[in-house]
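> sequence first, then the predicted structure, then my questions.
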Amino acid sequence: MSPADTLRFATRAALGYPLRTALMVLAMSIGVAAVVMLTALGDGARRYVVEEFSALGANLLIVLPGRTETGGVNPGSFVSSTPRDLTNDDAAALLRLPLVQRVAPLTVGNSEISVGGRLREVMVLGTTADYLGIRGFGVAGGQFLPREDFGRATAVAVIGETIRAELFGNENAIGRMIRLGDRRLRVIGIMGPAGRGLGMNSDELVLVPVATAQAMFNTNALFRIMVETRGREALGPAQRQVEDLLRARRDGELDFTVITQDAVLGTFDRILGALTLGVAGIAAISLAVAGILVMNVMLVAVTQRTGEIGLLKALGASTGAIRLAFLAEAGLLSLAGAVAGFALGHAGAWGIRLAFPALPAWPPDWAVAAAVGTALTTGLLFGVMPARRAAALDPVQALMKR
């Protein structure tokens with residue numbers, strides 16, 4: 001049998017049993033689609049986290065209250081309580097370090113904002129003038145928080161674009177008074193569109209001086225301190241300076257954590273990368289199940305087509321040609337399933353991106369190639385036994401059964 005005859009034989013055999021063919025293609029396509037979708041979800045989560053922390057800036061240190069035993073990044077460390085809180089005095093001391101360019105202490109809480117009878121719940125971020133430059137944000141109107149002493153509770157606020165639209169509509173918000181909790185503040189600026197980052201939607205934030213936020217929430221503690229160093233090469237030495245200074249201010253006690261962007265990125269990249277591989281492995285099990293289905297269905301096909309096989313052998317088809325014909329049929333069905341699964345997987349990933357626009361759920365190239373390649377390999381491997389059984393049939397006995 002020539003290669004064209006082999007392909008023609010496999011195609012006619014697949015089309016001659018539509019129900020059997022549909023079941024095998026469906027089983028294989030589900031396995032491929034599962035790998036494509038789950039890896040898209042896992043890799044999308046990894047890229048989302050990496051992009052979020054990359055947006056912070058390359059020369060950034062983040063000082064957190066509390067200490068992890070490993071000194072690494074623990075998601076719980078972002079909100080952990082400590083025996084000794086970070087304070088505005090700590091932030092002011094850090095600003096005097098020679099390798100530190102800017103410092104932004106942060107206090108976070110929720111409050112109710114109201115204007116002329118219209119009210120809503122908002123997240124309040126207490127910070128300083130340097131926060132704008134450290135985060136790389138801008139103002140769409142007015143000005144940002146004034147540059148002043150960390151301890152001065154000025155009654156001013158900068159609001160996000162969404163807050164402005166909901167409370168003021170088409171009216172000018174600059175200079176207007178708002179009630180934030182039990183305090184009256186004057187709006188001095190509107191944040192430029194920034195979107196969501198690090199769990200905060202900047203378009204829905206109300207930013208006030210850090211001392212004002214501390215007075216509102218009746219606390220002297222800081223949520224964290226953002227420290228920008230004088231260049232990327234100064235990141236390591238600056239981190240040691242920050243740790244030495246804060247340790248000295250705490251009588252040698254190391255009850256805080258200083259992390260860098262690279263440490264955060266490296267940790268989350270490893271965790272989410274392993275998660276992506278894990279879900280890909282789980283999804284790949286379905287491909288093995290599909291391969292078993294291919295083998296069983298092909299074994300049944302050999303039984304159903306015993307007479308056809310005997311006739312081919314009687315007409316001079318060799319054992320190798322029969323074996324190759326059945327392998328070609330298994331490969332053709334696996335290829336059809338892989339193509340269908342590829343399309344289904346991308347459709348599913350598109351649905352994820354549609355439901356969660358912030359999540360870049362694009363399947364990685366390696367996952368797509370591995371899924372399609374595994375589907376083909378699985379189909380061929382599990383097609384070996386039926387092909388060998390078909391090739392081993394005695395032509396006389398096969399024709400007698402016909």
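That came through fine.
> now stretch 336-347, how far from the chain's geometric center?
Stretch 336-347 sits 22 Å away from the centroid of its parent chain (Cα atoms, centre = their mean, to the nearest Å).
> can I get the CA coordinates of it in PDB?
The C-alpha trace of stretch 336-347 is given here as PDB (Å, rounded to 0.1, in the frame of the first residue of the first chain):
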ATOM      1  CA  ALA A 336      -8.700  15.800  14.600                       C
ATOM      2  CA  GLY A 337      -9.200  15.700  18.300                       C
ATOM      3  CA  ALA A 338      -6.100  17.900  18.900                       C
ATOM      4  CA  VAL A 339      -7.300  20.500  16.400                       C
ATOM      5  CA  ALA A 340     -10.800  20.600  17.900                       C
ATOM      6  CA  GLY A 341      -9.400  20.800  21.400                       C
ATOM      7  CA  PHE A 342      -7.100  23.600  20.400                       C
ATOM      8  CA  ALA A 343     -10.000  25.600  19.100                       C
ATOM      9  CA  LEU A 344     -12.100  24.800  22.200                       C
ATOM     10  CA  GLY A 345      -9.300  25.700  24.500                       C
ATOM     11  CA  HIS A 346      -8.700  29.000  22.900                       C
ATOM     12  CA  ALA A 347     -12.500  29.700  22.900                       C
END
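> list the buried residues of that stretch.
Neighbour counts over stretch 336-347 (16 or more other Cβ atoms under 10 Å) mark 336-342, 344-346 as buried. In this view, the C-beta of every residue, glycine as well, is placed from N, C-alpha and C.
> same check on stretch 162-170?
Judged by neighbour count using 16+ other Cβ under 10 Å, the buried positions of stretch 162-170 are 162-164, 166-168.
> which outside residues touch that stretch?
By Cβ atoms under 8 Å, 6 or more residues apart in numbering, the surrounding residues in contact with stretch 162-170 are 113, 115, 118, 120, 122, 159, 173, 176, 178, 190, 201, 203-206.
> and that stretch, average pLDDT?
Averaging pLDDT along stretch 162-170 yields 90.
> can you check stretch 339-359 too?
88.
> rewinding a little: can you tell me which of the buried residues of stretch 336-347 is closest to residue 146?
residue 346 (50.9 Å; Cβ to Cβ).
> with secondary structure and distance to residue 139 added, can I get the buried residues of stretch 336-347 in CSV?
Formatted as CSV, the buried residues of stretch 336-347 follow (DSSP: H, G, I helix; E, B strand; the rest coil; distance: Cβ to Cβ, whole Å):
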residue, secondary structure, distance to residue 139
336, helix, 57
337, helix, 55
338, helix, 52
339, helix, 51
340, helix, 51
341, helix, 49
342, helix, 46
344, helix, 46
345, helix, 43
346, helix, 40
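> now tabulate these in CSV and tack on distance to residue 251.
As requested, the buried residues of stretch 336-347 are arranged in CSV below (distance: Cβ to Cβ, whole Å):
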residue, distance to residue 251
336, 71
337, 67
338, 65
339, 67
340, 67
341, 62
342, 62
344, 62
345, 58
346, 59
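> closest to residue 270 out of those?
Using Cβ to Cβ, the buried residues of stretch 336-347 come closest to residue 270 at residue 345, 25.1 Å.
> touching, the closest one and residue 41? I think so.
No. With contact defined as Cβ atoms under 8 Å, residue 345 does not reach residue 41; the gap is 10.7 Å.
> for the record, mean pLDDT for stretch 208-217?
On average, the pLDDT along stretch 208-217 is 95.
> got a list of contacts for that stretch?
88, 105-109, 111, 124-128, 145-146, 148, 150-158, 180-183, 185, 220-222.
> let's see 7 Å
For stretch 208-217, contacts defined as Cβ atoms under 7 Å, 6 or more residues apart in numbering pick out 88, 105, 107, 109, 111, 124, 126-128, 145, 150-157, 181, 183, 185, 220.
> of those residues, buried ones?
Among the contacts of stretch 208-217, those scoring as buried are 88, 105, 107, 109, 111, 124, 126-128, 145, 150, 153-154, 156-157, 181, 185 (criterion: 16+ other Cβ under 10 Å).
> got any ranges where the stretch 1-150 of the chain has weak pLDDT?
1-2, 5-6, 9-10, 13-14, 53-58, 68-83 (pLDDT under 70).
> where do the helices of it begin and end?
Counting by DSSP state H, counting those that start in this stretch, the segments of the stretch 1-150 of the chain that form helices are 3-16, 18-54, 88-95, 130-135.
> among those helices, which is nearest residue 276?
Checked against Cβ to Cβ, the stretch from the helices of the stretch 1-150 of the chain lying closest is helix 18-54, at 3.4 Å.
> helices and strands around that closest one, which ones?
Helix 18-54 sits against helix 261-304, helix 319-355, helix 365-391, with contacts defined as 3 or more Cβ pairs under 7 Å, 6 or more residues apart in numbering; DSSP states H and E.
> output those helices as TSV; include the columns distance to residue 96.
Formatted as TSV, these follow (distance: least, Cβ to Cβ, whole Å):
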stretch	distance to residue 96
helix 261-304	23
helix 319-355	47
helix 365-391	49
